[in-house]
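[1] this is the structure alone, sequence omitted:
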């Protein structure tokens, strides 16, 4: 009845211009950030190539600007556009890495608890319930805060990206576990699972080959929403000084650094990285919304 | 009733768990002795101090003492301020609470009508506009919004103060900065920042729930029974929408506390959040542990309140499960 | 007030779609008088519910009436403004839906909902509305209405809820009542009471009733006149006895002919063995045993379920779903297991084939020994090959993400019954054996109809060359014309392959057609068990007698048996 032919996907996709634009923005941003070393006009964090004399240049279209720096420079003479591309790379890396980690843990826990039930279920879901009462951003913040107070400063700075992935990933698994568990419970009561058992298939095959593909839809939607959340969380932690170091700043750290100079009228060091962050997050959210509606047409 | 009692027991266990985490942080992260003594203290002196602080007792005893002290509101002495931790929290708490309350009330007052409206008239122009704005609302990082507001209203327009808490006034025996004009002008931007994200989340939640409920058979039957639209929407649909929404709003209250950390940092608001960030910056372990337990308490209590409301709304739970 | 109460002329209902409009109903004429029950019957997708919704002005989006008129006392409803139409709902036209479990708002008491309707529709003050509500509840046969007023829907049984729904639909004293499958979700014994209530109300209030249903039995017992629908078009109409007794249209004849009879065992389900083709030789491989006697037998069995919501530390309240004193199935026989919903018949079936573990008791298979003692992997596999199952819902019984050939290849490969290219050939032959084109394997389950899916499920069960087949309500989710084909297929396979079968169903007529022996279940217990013919001709318990009496009867319709032409498969 809900026959989904492949052409349906493209039809629905193309008839939503907002989604097409958002998807295009994501593709462009991901490509530009991934290949930042090739795309960026300058290498902003190499002391050899920057000159303090270029500092605080406004964007190219403002009077007194230098044509070499399209979006201006910061107080150390670094090119804002290049810093944004490098920073976006870190933001995306953390966002994708953290969500991959959350998905992995959440799927494993959700599949196990949903299929087997019993004591495993009771214990794991109780833990999940307790963690769910705490906002993920606070957990990541405390996790990072505690590590920052214990680890030596240089180690914390060098391992900033993996630590962030770990902090945000561990903070976010509960939602995946809950959604997967709920879907598994639905699937498990379907007769095709009983048919598999009647055939005598081993449990692991039933879970991986039969149930997993049927729970991927909601996981996909949640993952896309969570990428947006993870990017915001990373930016926020960096803004609070608990994230990436200023020698390799993410978008959040760039905004934090720039915000110190807000009252001197140097607005571009905040506005441009902020706009890029916002566009990135909005685009992920819009595409996720569309995918959810597509997979669940009765909500339309 | 039975349901609530189980919940209460569960909540106590959660609190013991949170206290355990707080205790472990307290115990194993950073050496409290090192933090209290200077470089020149001898090893014997340190050992004596260790003994006096009870750090050589079995872990379980120390944990019991930690919980016992915490129950009496004693979280030890802050390393960096050299003051009683609970005293400091009591001092900072009102500032955070007024921020959280103001933005929470604002968010609910706007989100509930907007969510219902967009759920009912989902194809309308206004509804579509509200939904588009809500995407930006849930997407924009609150620190970025805060900075932008400061840039526009403080730097460019110079209308509102960009940092700190304003004058405190007294009304009905309650002291709050919300009772003075100066205080309100200071609170306006932080509260708006804190409100916007919650507004977006709650609005979208109510709308989604509303759409779900409007599809149900009992709503179709309500139409078929000839009830007027107002009754169908406001009586039948709304009440059923509220059941899941109340749970979510309970969670949102805890996230208000979490996000107040960021807002307080941006606007240098002297509340619990800036205290926490200070504690992290200074490796002030007792302060960190106390904050953890305090926040755990707030969240557990709000969940309990949610459960109680749940029982009040849904007769199926009242009657011991379906 | 001379003309008919409701008159529909040239009705056409379309649902716009990007590949062109879908016409759900076309050229439909219908008339309803006061004080009569008009049946609207058809199989799924016939458009019968759509007509009911159109009269109410509650068509699902984006459907609309594109042609024709719906006149209530001469007033064309299709021309009314939405507001004016809304004012007719409840006051002139009432409607009841299929599922009484979901028709009532779970968070409001019955009293609140009923007095709300009365207060709004009759424009009376709240206290008077409450008083009237109590009377209305008593009027639809709800005992202790005062006390019931303060209860919530979840405290009512299905039949009682449907009574409340009827009271609600009649709160505004409408002239026309549309009942959309009002008894489909109810057990047979309750079904009859609700139909009797509708009948009585229709007569007492001289109410026009449109009864939408797929069930010939319901029509035969309740409707004065009937309209037969197919693909959105009227096939035939007339007084019920005439249409059901002397159907003019082939389709009506097919529909009636497809209904299994309860008064006797029919010959059409016992055709001789069809053929022994290559696939049958494969299916019969390894079945050398000529043994007789019990295929399986059990000690007394119980199955308890803990109530899921009884809290974390709380005492678990226990619900005993199955409590039987023992059961055996002889080699080569079909044991029918009948009971109403919640009687534990499906659970018992699943316990017998080892899909669920009983709380106490054990099951012994003659060929495999005690179920609980099957431990080693080869023994487990051998057992699984022999004992297979066909479920009720062919939609949930197939994994929608897998292509049909993969679904069928998986058991064959896992059990090593064939390998390489042979698997593909076998799949084609199996599909053909169950009546599907051999190339169907290249499609996904959603590309098949319900009946075709059930055939795929049967093919999957056969792919392991089983000797025992559990059929768990295999026809209940299917349209009646397909039901008959499915029964015929199952019975033919049973005879050709010499299968032993446990046939679980709530439908007495179906059970009579297939079973050698019948066991009747009630509240987890087997209350009666004897040869099939004896159960139907000489029931031993009051419960069985009650079931037989309340089941809707279409026997009268079979008077024309001789005139029934050969059916073409649907």
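    Yep, that arrived. Quantities reported herein were computed from a predicted structural model and do not represent experimental measurements.

[2] for residue 199, grab the count of nearby residues.
    I'll assume chain A. 23 (other Cβ atoms under 10 Å in any protein chain shown). (Glycine included, C-beta is placed from N, CA and C.)

[3] wrong one, chain C
    When neighbours are counted by other Cβ under 10 Å, residue C:199 comes out with 17.

[4] for it, pull up the helix or strand it's in.
    Using DSSP states H and E, residue C:199 sits within helix C:188-205.

[5] may I see the buried residues of the very next helix or strand once past that helix?
    For helix C:188-205, the succeeding helix or strand toward the C-terminus, using DSSP H and E, is strand C:208-213. By 16 or more other Cβ atoms under 10 Å in any protein chain shown, the buried positions in strand C:208-213 come out as C:208-213.

[6] what of stretch A:198-208?
    Neighbour-count burial for stretch A:198-208 [16+ other Cβ under 10 Å]: A:198-201, A:206-207.

[7] tell me the contacts of residue C:401?
    Residue C:401 makes contact with A:213-214 under the criterion Cβ atoms under 8 Å, 6 or more residues apart in numbering or on different chains.

[8] same check on residue A:30?
    residue A:92.

[9] how would you label it: helix, strand or coil?
    Following DSSP: H, G, I helix; E, B strand; the rest coil, the label given to residue A:30 is helix.

[10] likewise for residue C:502?
    Strictly by three-state DSSP, residue C:502 counts as strand.

[11] what is the neighbour count of it?
    Residue C:502: 27 neighbours (other Cβ under 10 Å).

[12] name the nearest residue to the residue of the stretch 201-322 of chain B found nearest chain C, sequence neighbours excluded.
    Relative to chain C, the nearest point of the stretch 201-322 of chain B is residue B:226 (2.0 Å; Cβ to the nearest Cβ). Counting by Cβ to Cβ, 6 or more residues apart in numbering or on different chains, residue B:226 lies nearest to residue C:90, which is 2.0 Å off, once chain neighbours are set aside.

[13] what's near enough to touch residue 97?
    Defaulting to chain A. Contacts of residue A:97 by Cβ under 8 Å, 6+ apart are A:161, A:165, A:169.

[14] you answered for a different chain; I wanted chain C.
    So residue C:97 contacts B:217, B:220-221, B:224, C:103, C:165, C:180-182 (Cβ under 8 Å, 6+ apart).

[15] which of these has the most neighbours?
    Top of the contacts of residue C:97 by neighbour count (other Cβ under 10 Å): residue C:182, with 29 neighbours.

[16] gap between the nearest residue to residue C:400 once chain neighbours are set aside and residue B:255?
    Distances taken as Cβ to Cβ, 6+ apart place residue C:445 nearest to residue C:400, at 5.5 Å, with adjacent residues excluded. Distance of residue C:445 to residue B:255, given as Cβ to Cβ, to the nearest Å: 42 Å.

[17] one more: residue B:194?
    Applying Cβ to Cβ, the value for residue B:194 to residue B:255 is 10 Å.

[18] neighbour count winner among those two?
    The neighbour count for residue B:194 versus residue B:255, taken as other Cβ under 10 Å, is higher for residue B:194 (31 against 19).

[19] switch the buried residues of strand C:208-213 over to TSV; also include distance to chain B and pLDDT.
    Below are the buried residues of strand C:208-213 laid out as TSV (distance: Cβ to the nearest Cβ, whole Å; pLDDT from 0 to 100):
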residue	distance to chain B	pLDDT
C:208	16	92
C:209	15	94
C:210	13	94
C:211	16	93
C:212	13	93
C:213	18	91
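
[20] so what's the residue in the stretch 151-300 of chain C positioned nearest to chain B closest to, chain neighbours aside?
    Nearest residue of the stretch 151-300 of chain C to chain B: residue C:152, at 4.3 Å (Cβ to the nearest Cβ). With sequence-adjacent residues excluded and distances taken as Cβ to Cβ, 6+ apart, residue C:152 is closest to residue B:315, at 4.3 Å.

[21] doesn't residue C:154 make contact with that neighbour?
    Yes: using Cβ atoms under 8 Å, residue B:315 is in contact with residue C:154, at 7.3 Å.

[22] shared neighbours, these two?
    residue C:106.

[23] between these two, who's got more neighbours?
    residue B:315 (17 against 14).
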